[in-house]
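In: Quick one, fold the following:
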Amino acid sequence: MKTRLASIIACSLPILSRAQAVTLDAILNETLEKNPVIQQAKVNLEQAAGHRLVFRSIVWPSATVEVPAGVQGGHRAGQNTIQPFALAKGSITQPLFDAAIPPSLRRGDVELLIAQQQLHVAVVEQLHSARLAFYSALYNRDLLSLGAKQQRRLDENVASQKERYTAGLIDRGAFASATVQARELDSQIEISRRAYAQARLKLAEAMALAPRLGANLPEPEGDLHFAPVTIVVDSETAAALQRRADLKLARLMVQSANEDQRIIEAAYYPRVSGSVSGYYIPVLGIHREGSTSRTQDFSSEIQETATYTWRVIDNGKVAGAALKQRKAREINEIACRKLEVSVGRELLQIRNNLEAIEAQNKSLAAAANAAEQDTVTVRQNIKGGLASELEYRLAESNFFQTQSGLLEAAYQHNLALAEWDRATGRYFQFSDDTGQNVH
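Out: The predicted structure follows:
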């Protein structure tokens, strides 16, 4: 498959008109631009950027300012009886040592990275879902077309057998058999029609369209192709472990749980803070309560202090929270490890599936050629009365099965390639060469 997945992130497309034929690249671009799940993930990323400030605020100083004001009464020599006053009081506290500061800084950064990877995971899932819906639409569209062509040939045979029955050349059983064979395809055609409509509806949902009564449903443009591929599982497994978004997200979840545990356990360590406080009085002669001389009046001053706190007694609040967080971290580690181990098995399974589909396609291609030649011969013979209705029925049935089998093999092949791109993380590989070992 020659589609360049790197063009997914290239540009947006104009709003699709009613029943407009669209290519896979157009669908993926439209999905990336307007899909509601992707849009929500982008909003969550912006929220994570703001939440990062909350984690980092632990290292910032805390400052307060107070401005008391009032009036004082009383009388001293040379002063008024009633005198207003005001003063400015400020303080600033700076953490000097806190074991929670390093993990808080790292936790804020990890929070942002988690939101980014969640966006990447959402993009991969939605693009992959749209791609599968596109292949499903192509498959059911072609299957519907194949069934319609087959039904026209069978209807022609019904008309021919009716004429021969009317002329007395065949009995009623042959005419009835031809009619039954033509009507057998009705249910299959209806199933394909419904599946085609459902696939188009999924495409519309992925592209954030609002279809009403069949309007605005995108129609896929293109065909399903089958091209053998060569896959090297070992090298692709190593690359997938490095670039898959879900694996990166799983590792970040382990890291975030570890930092959360360190933040909780930091309550066991002492904490030292330095503070500076002071008064600024713009005027002189502001008396303290009970003062008897000017030397006891208020005046501007600055004081430096340090505070030291250490949790001595813990009733299990910190210990229990740390134990709970450690369990969460261990669970995340196990889940991440299982996900990493499963990558190799998943790629091997996809490779085996591709090989089995290729073998099936070769077998069906040979059978289809023989079935087509047999069908042509039987059609000619039955018009001349040299072949029975049973022979015609078997030949047409075999021809339809081989043709639909080839179509299904191409469909399964494209699905497997899509799964391969997802499993190897190729949806975010920006390169003109999407993989020499695959495409």
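
In: what residues are up against the residue nearest to the spatial centre of the chain?
Out: Geometric centre of the chain, nearest residue: Ala122, 1.6 Å, by CA atoms, centre = their mean. Applying CB atoms under 8 Å, 6 or more residues apart in numbering to Ala122 gives the contacts 37-38, 40-41. The C-beta positions use only the backbone N, C-alpha and C, and glycine is treated the same way.

In: Mind doing that once more with 10 Å?
Out: 35, 37-42, 44, 245 (CB atoms under 10 Å, 6 or more residues apart in numbering).

In: what about burial for those, which qualify?
Out: 35, 38, 41, 44, 245 (16 or more other CB atoms under 10 Å).

In: Same list, those, but as TSV with pLDDT and distance to Ala365 please.
Out: What follows is the buried ones among the contacts of Ala122, written out as TSV (pLDDT from 0 to 100; distance: CB to CB, whole Å):
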residue	pLDDT	distance to Ala365
Asn35	92	38
Ile38	93	40
Ala41	93	43
Asn44	93	49
Ala245	92	37
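
In: Mark which of the residues you listed are part of helices, please.
Out: 38, 41, 44, 245 (DSSP state H).

In: Now flag whichever of those is closest to Tyr139.
Out: Within those, proximity to Tyr139 (CB to CB) peaks at Ile38, which comes in at 25.6 Å.

In: And the helices in the stretch 51-200 of the chain, which stretches?
Out: Using DSSP state H, counting those that start in this stretch, the helices found in the stretch 51-200 of the chain span residues 101-166, 172-183, 185-206.

In: By mean pLDDT, show me the worst of those.
Out: With a mean of 71, helix 172-183 has the lowest mean pLDDT of the helices of the stretch 51-200 of the chain.

In: hang on, the earlier thing: now the two most distant members of the ones in helices among the buried ones among the contacts of Ala122.
Out: Spatially, the most separated pair among these is Asn44 and Ala245, at 14.6 Å (CB to CB).

In: which secondary structure element contains the residue lying closest to Arg107 once chain neighbours are set aside?
Out: Spatially, and ignoring its direct neighbours in sequence, Arg107 is nearest to Glu259 (4.1 Å; CB to CB, 6 or more residues apart in numbering). For Glu259, the element it lies in under DSSP states H and E is helix 245-265.

In: got the angle between that helix and helix 101-166?
Out: Relative orientation of helix 245-265 versus helix 101-166 (axes from the mean of the first three to the mean of the last three CA atoms, to 10 degrees): 150 degrees.

In: Show me what helix 245-265 is packed up against.
Out: Contacts defined by 3 or more CB pairs under 10 Å, 6 or more residues apart in numbering; DSSP states H and E place helix 245-265 against helix 101-166, helix 233-243, helix 317-383.

In: Show me what counts as buried in that helix.
Out: 245-265.

In: Residues contacting the next helix or strand after that helix, please?
Out: Beyond helix 245-265 in the direction of the C-terminus, DSSP H and E gives the next helix or strand as strand 271-280. Identification of contacts with strand 271-280 by CB under 10 Å, 6+ apart yields 61-64, 66-68, 86-101, 286, 298-311.

In: Tyr268 and Ala322 touch, don't they?
Out: Yes. Look at Tyr268 against Ala322 with CB atoms under 10 Å: they come within range, at 8.6 Å.

In: the more surrounded of the two?
Out: Neighbour count, other CB atoms under 10 Å: between Tyr268 and Ala322, Ala322 has more, with 20 against 14.

In: thought that one was touching Glu265?
Out: Yes. With contacts counted by CB under 10 Å, Ala322 reaches Glu265, the gap being 5.0 Å.

In: in stretch 219-235, what counts as buried?
Out: Going by 16+ other CB under 10 Å, stretch 219-235 has these buried residues: 220, 224, 226, 229, 231, 233.

In: got it, and stretch 373-382?
Out: Going by neighbour count (16+ other CB under 10 Å), the buried part of stretch 373-382 is 374-375, 378-379, 382.

In: repeat for stretch 101-110
Out: For stretch 101-110, by 16+ other CB under 10 Å, it's 101, 103-108, 110.

In: Wait, Asn258 touches Ile264, no?
Out: No. In terms of CB under 10 Å, Asn258 does not count as a neighbour of Ile264; the distance is 11.0 Å.

In: Pull up the overlap in contacts between these two.
Out: Joint contacts of Asn258 and Ile264 (CB under 10 Å, 6+ apart) are 103, 325-326.

In: Now render those as a markdown table, adding distance to Leu406.
Out: Formatted as a markdown table, these follow (distance: CB to CB, whole Å):
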| residue | distance to Leu406 |
| --- | --- |
| Pro103 | 59 |
| Gln325 | 56 |
| Arg326 | 56 |
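
In: Show me which of those residues is closest to Leu146.
Out: Among these, and counting by CB to CB, the member closest to Leu146 is Gln325, at 58.6 Å.

In: what about that closest one, neighbour count?
Out: 19.

In: got the contact list for the closest residue in space to it that isn't next to it in sequence?
Out: Nearest residue to Gln325 in three dimensions, chain neighbours excluded: Gln261, at 4.3 Å (CB to CB, 6+ apart). By CB under 10 Å, 6+ apart, the residues touching Gln261 are 103, 321-329.

In: could you check the distance from Gln261 over to Gln150?
Out: 65 Å (CB to CB, to the nearest Å).

In: Can you get me a residue count around Asn315?
Out: Neighbours of Asn315 using other CB under 10 Å come to 7.

In: swap in Ala335?
Out: Neighbours around Ala335, by other CB under 10 Å: 13.
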